[in-house]
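Q: kindly return the folded structure for what I paste below:
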Amino acid sequence: MSVRKDVWSWGIVAIVLLLIGAAAFWVFWPQLSQPHVKLRLGDGVFQARVADTSSEREKGLSGTAYLGQDQALLFVYERDDKWSIWMKDMNYAIDIVWLDKDKKVVYIVKNAKPESYPNESFAPNEPARYVVEFVAGTVDKKTINIGDVAAFDEAQLEGGRT
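A: Next comes the predicted model:
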């Protein structure tokens, strides 16, 4: 009788662990399936998640708990425009950097706070092709300035999805 109880107990534990694993996979799959690219800007090298679809760009970093010091989110657009960034559902402040089609920094917003939503959004003075979001303080720590040129492999932006 006790052997049968042990089998049932271990079976329940295994099912619970499988359910936890499936839930974790479901939660993290969108981030894992997004392409990533190594991005160099200022004195920093960052592992950047790529947001290149309208739904990924709309979501951005909303709802995420944190962004590491060596991480970034790179928004990729098909054309140049004065792309606006909002802080909807953000949990921490960020630095925002706009790059033109040549990857040159054209505009910077430091320390954009979650409390700015819904009253404020952030947009550059001139058209940009890319927007990069970093944890607040990165622009100063990594000496990122207007006119700096970012480096990342555009070939990695395409076809990175599975």
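Q: alpha carbons only for contacts and neighbour counts from here, please
A: Fine.
Q: need the longest strand for this structure.
A: strand 71-81 (DSSP state E).
Q: so after that strand, what's the next helix or strand?
A: Next along the chain after strand 71-81, taking DSSP states H and E as the criterion, comes strand 94-99.
Q: can you list the strands that that next one pairs with?
A: strand 105-112 (antiparallel), strand 128-135 (antiparallel) (DSSP bridges).
Q: identify whichever of these lies nearest to Asn145.
A: strand 105-112 (7.0 Å; CA to CA).
Q: mind listing residues that contact the closest one?
A: 87, 93-100, 122, 124-126, 128, 136-137, 139, 145-150 (CA atoms under 8 Å, 6 or more residues apart in numbering).
Q: circling back to that earlier point, tell me the angle of the longest strand of the chain relative to strand 128-135?
A: 160 degrees (axes from the mean of the first three to the mean of the last three CA atoms, to 10 degrees).
Q: contacts for strand 71-81, please.
A: Outside strand 71-81, the residues that reach it (CA under 8 Å, 6+ apart) are 46-52, 57, 60-61, 100-101, 126-135.
Q: sheet-wise, list the partners of it with their directions.
A: Here, using DSSP bridges, strand 71-81 pairs with strand 44-51 (parallel), strand 128-135 (antiparallel).
Q: most packed of the ones you listed?
A: The highest mean neighbour count among those, using mean count of other CA atoms under 10 Å, belongs to strand 128-135: a mean of 24.
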